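Colleague: with the sequence up front, the predicted model follows.
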Amino acid sequence: MGSRASTLLREEEIEEIKKETGFSHSQITRLYSRFTSLDKGENGTLSREDFQRIPELAINPLGDRIINAFFPEGEDQVNFRGFMRTLAHFRPIEDNEKNKDPTASEPLNSRSNKLLFAFRLYDLDRDDKISRDELLQVLRMMVGVNISDEQLGSIADRTIQEADQNGDNSISFNEFIKKVCL
Amino acid sequence: YFLLNFNPFDNLLCILLGISFTVWFTLLLVFIIVPAIFGVSFGIRQLYMKTLLKIFEWATHRIERGAKDNNHLLYKPYSNAIIAKEPTSLEEEIKEIRRSGSNRDLDHASEFEMSDIFYFCRQGVESIMDDEVTKRFSAEELESWNLLTRSNYNFQHISLRLTVLWGLGVVIRYGFLLPLSNNTLCFMTCNFLSEQVHLMCYRICVRALTAIITYHDSENKPKNGGICVANHTSPIDVIILASDGCYAMVGQIHGGLMGVIQKSMVKACPHIWFERSEVKDRHLVAKRLSDHVEDKTKLPILIFPEGTCINNTSVMMFKKGSFEIGSTVYPVAIKYDPRFGDAFWNSSQFGMVNYLLRMMSSWAIVCSVWYLPPMTREEGEDAVQFANRVKAAIARQGGLVDLLWDGGLKRGKVKDTFKEEQQKLYSKMLVGTQEDRSRS
């Protein structure tokens, strides 16, 4: 516990993260404390095992996919900046952000980016399409052993039928947005 | 030859040592041993406590002022909640998500919606930001600084006065409190000849650790033939309870010094020690425990059903073994005041010796003990429900969070059955609508 004091976050870093993610100062220090408490190896990065140690996450049917979302392509460790960047997607959209300057880059927690996060939970191979197989995989994770293959298959088929508009038998990001339409 | 090597300075040293030893011994006798034997108190410790609190307040205030002057922002990790949520069920939340979706007519309720994953997604990320379990296995974070570097994240040089105070604190704690505890702890290991001596030894221990304990509702103290259950934070819990009453302890025989102590304790009172192999046999354990409680001349058994040390902010799952025996249960709630020194034993971080050193060198161990009214298992209640009822009562009294999670999660992985439960719930939502559809 004494070593935590030595890895205190510097003011400049906090400012950078604030600009990039939009979290407030106290939220960033709070999440930094959380990051260090999860980091059992005390090397400034989190591995997949560190996440799986959270019981409430381990029992989440989509737990592994959510953990995956934190790790960039092919990497096994995530540092604090990466951690915050992913969490930033979940920050609620505040009123003063709605009328932002349209030429500025899109904030991480924009509606579109939130939907993209969810889309990527389905689209494992990142080909920007949710195929029938990918849909089935996620369905299987959420229902466990309680529904038969045939039933699950027909649910998947029906979903694709309803959502697919260009007839390629898979769901693109735009079709996803229209289907979900939150 | 001998006289030629006689150094006057040596002589002085001897005299000084002799004097300090005598002073020590007298202090020891007057302030610790004699009151412990007779069970009286001088009220010195209460005064000590009040003074310490005032000093801590000043120290914290000084840090805050210093930080403001230097334009730093203070590190207050847990003072504001980061997640805004109200607890609802899986079904309600998924329905809510679907409802706020596109223009679906609700009588044509779909079975599966792509937006359903938002629920699991949000639950998952919320648990990454903050979860109820992992924070119970590390020491509680404090708002004010108690002059121990071990509990401070803002420790930088703020003012000379504060640093001097901290230095003084170190000198007092390591130069005075620690040796004091060491000396008196030696008394504890010497003899366990009778019940009364037992009590006295524990009382001496309590004073040695500068423990300031307040007992509430002593009329509910556990009686013979009953089982006393309490929430577990540290090995000191045992000392605290045993200095106010005699209990039979249950546990595994350890090797080494602990084992020798355990075996010698049995001569005084019949404690229930198990060999390591016997621990696995639950029936054997249950039989020995019930034999013990049936004998009304034997002392009440002291058990910590959580099975491991928790950090005193919550009470975790009670193992049902002790609640199956069917005797009267006397619940006890123990709450430590974290301002004076954190009593939680994080066994994955420190060993026993390291932990005891930290305990003996902290300012004081202040805690409250509440003896709750006895409870028995009611008609139609199984052991697990009874255990949860007792746990809820202890949590309420001690102001702790009542959790269903198993303390064993400190070291082990969570069981898959919990995930399967969630999957079952969700499947019911999908398949349930299918059945209605086939009917219509």
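Modeller: Perfect, thanks for sending it. Numbering: from 1, shown residues only, chains lettered A, B, ... in the order given.
Colleague: please report phi then psi for A:Gly144.
Modeller: With angles defined as degrees, to the nearest 10, A:Gly144 sits at phi 70, psi -130.
Colleague: chain neighbours aside, what residue packs nearest to it?
Modeller: Once flanking residues are discounted, A:Gly144 sits nearest to B:Gln423: 3.1 Å by C-beta to C-beta, 6 or more residues apart in numbering or on different chains. No exception for glycine: its C-beta is placed from N, CA and C like everyone else's.
Colleague: now do the strands in chain A.
Modeller: Assigned by DSSP state E, the strands in chain A fall at A:45-46, A:78-79, A:129-130, A:171-172.
Colleague: for these, give me JSON lines that also has mean neighbour count and distance to chain B.
Modeller: As requested, the strands of chain A are exported to JSON lines (neighbours: other C-beta atoms under 10 Å in any protein chain shown; distance: least, C-beta to the nearest C-beta, whole Å):
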{"stretch": "strand A:45-46", "mean neighbour count": "21", "distance to chain B": "10"}
{"stretch": "strand A:78-79", "mean neighbour count": "18", "distance to chain B": "11"}
{"stretch": "strand A:129-130", "mean neighbour count": "22", "distance to chain B": "8"}
{"stretch": "strand A:171-172", "mean neighbour count": "22", "distance to chain B": "8"}
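Colleague: ok, which of those comes nearest B:Asp217?
Modeller: strand A:45-46 (45.9 Å; C-beta to C-beta).
Colleague: how far away is whatever residue of chain A ends up closest to chain B from B:Asp416?
Modeller: Nearest residue of chain A to chain B: A:Gly144, at 3.1 Å (C-beta to the nearest C-beta). Counting by C-beta to C-beta, to the nearest Å, the gap from A:Gly144 to B:Asp416 is 10 Å.
Colleague: more crowded one of these two?
Modeller: A:Gly144 (17 against 12; other C-beta atoms under 10 Å in any protein chain shown).
Colleague: you'd agree the residue of chain A closest to chain B is up against A:Leu62?
Modeller: No: the pair A:Gly144 and A:Leu62 does not pass the contact test of C-beta atoms under 8 Å, sitting 11.8 Å apart.
Colleague: can you give me every residue that contacts B:Ala387?
Modeller: Residues counted as contacts of B:Ala387 (C-beta atoms under 8 Å, 6 or more residues apart in numbering or on different chains) are B:305, B:318-320, B:323.
Colleague: where does the stretch 151-300 of chain B have low pLDDT?
Modeller: Counting by pLDDT under 70, the low-confidence segments of the stretch 151-300 of chain B come to B:151-163, B:166, B:170-198, B:208, B:252-270, B:276, B:278-279.
Colleague: what would the contacts of B:Ala387 look like in CSV with pLDDT?
Modeller: As requested, those are arranged in CSV below (pLDDT from 0 to 100):
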residue, pLDDT
B:Pro305, 87
B:Phe318, 90
B:Lys319, 85
B:Lys320, 82
B:Phe323, 85
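Colleague: got a quick ChimeraX command for the buried subset of those residues?
Modeller: Here is the ChimeraX selection string for the buried members of the contacts of B:Ala387, based on 16 or more other C-beta atoms under 10 Å in any protein chain shown:
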select /B:305,318,319,323
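Colleague: got CSV for the strands of chain A, with distance to A:Ile160 and mean pLDDT too?
Modeller: As requested, the strands of chain A are arranged in CSV below (distance: least, C-beta to C-beta, whole Å; pLDDT from 0 to 100):
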stretch, distance to A:Ile160, mean pLDDT
strand A:45-46, 35, 90
strand A:78-79, 33, 91
strand A:129-130, 8, 89
strand A:171-172, 6, 89
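Colleague: show me the one of those that comes nearest B:Ile236.
Modeller: Each of those has some distance to B:Ile236 by C-beta to C-beta; the shortest is strand A:45-46, at 33.8 Å.
Colleague: each with direction, which strands does the closest one pair with?
Modeller: With DSSP bridges as the criterion, the sheet partners recorded for strand A:45-46 are strand A:78-79 (antiparallel).
Colleague: can you list contacts of the partner strand?
Modeller: By C-beta under 8 Å, 6+ apart, the surrounding residues in contact with strand A:78-79 are A:44-46, A:70-72, A:86.
Colleague: returning to that earlier point: relative to B:Glu113, how far out is the residue nearest to A:Gly144?
Modeller: Spatial separation of B:Gln423 from B:Glu113 under the definition C-beta to C-beta is 17 Å.
Colleague: do the same with B:Tyr371
Modeller: As defined by C-beta to C-beta, B:Tyr371 lies at a distance of 54 Å from B:Glu113.
Colleague: the helix or strand where B:Thr60 lies: which residues count as buried?
Modeller: Secondary structure assigned from DSSP states H and E places B:Thr60 in helix B:44-69. Neighbour-count burial for helix B:44-69, with 16+ other C-beta under 10 Å as criterion, is recorded at B:45, B:49, B:52-53, B:55-56, B:59-60, B:62-63, B:66-67.
Colleague: redo the strands of chain A as JSON lines? Include distance to B:Ile310.
Modeller: Output for the strands of chain A, formatted as JSON lines (distance: least, C-beta to C-beta, whole Å):
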{"stretch": "strand A:45-46", "distance to B:Ile310": "24"}
{"stretch": "strand A:78-79", "distance to B:Ile310": "29"}
{"stretch": "strand A:129-130", "distance to B:Ile310": "43"}
{"stretch": "strand A:171-172", "distance to B:Ile310": "46"}
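Colleague: B:Cys121 is nearest to which of the ones you listed?
Modeller: Distances from B:Cys121 to each of the strands of chain A were compared using C-beta to C-beta; the minimum, 15.0 Å, belongs to strand A:129-130.
Colleague: name every strand pairing with the closest one and say which way it goes.
Modeller: On the basis of DSSP bridges, the sheet neighbours of strand A:129-130 come out as strand A:171-172 (antiparallel).
Colleague: counting by contacts, list what the helix or strand containing B:Ile117 packs against.
Modeller: Applying DSSP H and E as the criterion places B:Ile117 in helix B:117-129. Applying 3 or more C-beta pairs under 8 Å, 6 or more residues apart in numbering or on different chains; DSSP states H and E, one finds that helix B:117-129 makes contact with helix A:55-58, helix A:63-70, helix A:80-88, helix A:111-122, helix A:132-143, helix B:90-99.
Colleague: if we use 7 Å, what do you get?
Modeller: helix A:55-58, helix A:63-70, helix A:111-122, helix B:90-99 (3 or more C-beta pairs under 7 Å, 6 or more residues apart in numbering or on different chains; DSSP states H and E).
Colleague: who are the packing partners of the third one?
Modeller: Packing partners of helix A:111-122 (3+ C-beta pairs under 7 Å, 6+ apart): helix A:63-70, helix A:132-143, helix A:173-180, helix B:117-129.
Colleague: now tabulate those helices in JSON lines and tack on mean neighbour count.
Modeller: Compiled in JSON lines, the helices and strands packed on helix A:111-122 are given as follows (neighbours: other C-beta atoms under 10 Å in any protein chain shown):
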{"stretch": "helix A:63-70", "mean neighbour count": "19"}
{"stretch": "helix A:132-143", "mean neighbour count": "19"}
{"stretch": "helix A:173-180", "mean neighbour count": "17"}
{"stretch": "helix B:117-129", "mean neighbour count": "22"}
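Colleague: okay if I get these as TSV plus distance to B:Val390 and mean pLDDT?
Modeller: Shown next, in TSV, are the helices and strands packed on helix A:111-122 (distance: least, C-beta to C-beta, whole Å; pLDDT from 0 to 100):
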stretch	distance to B:Val390	mean pLDDT
helix A:63-70	32	90
helix A:132-143	36	90
helix A:173-180	46	86
helix B:117-129	28	88
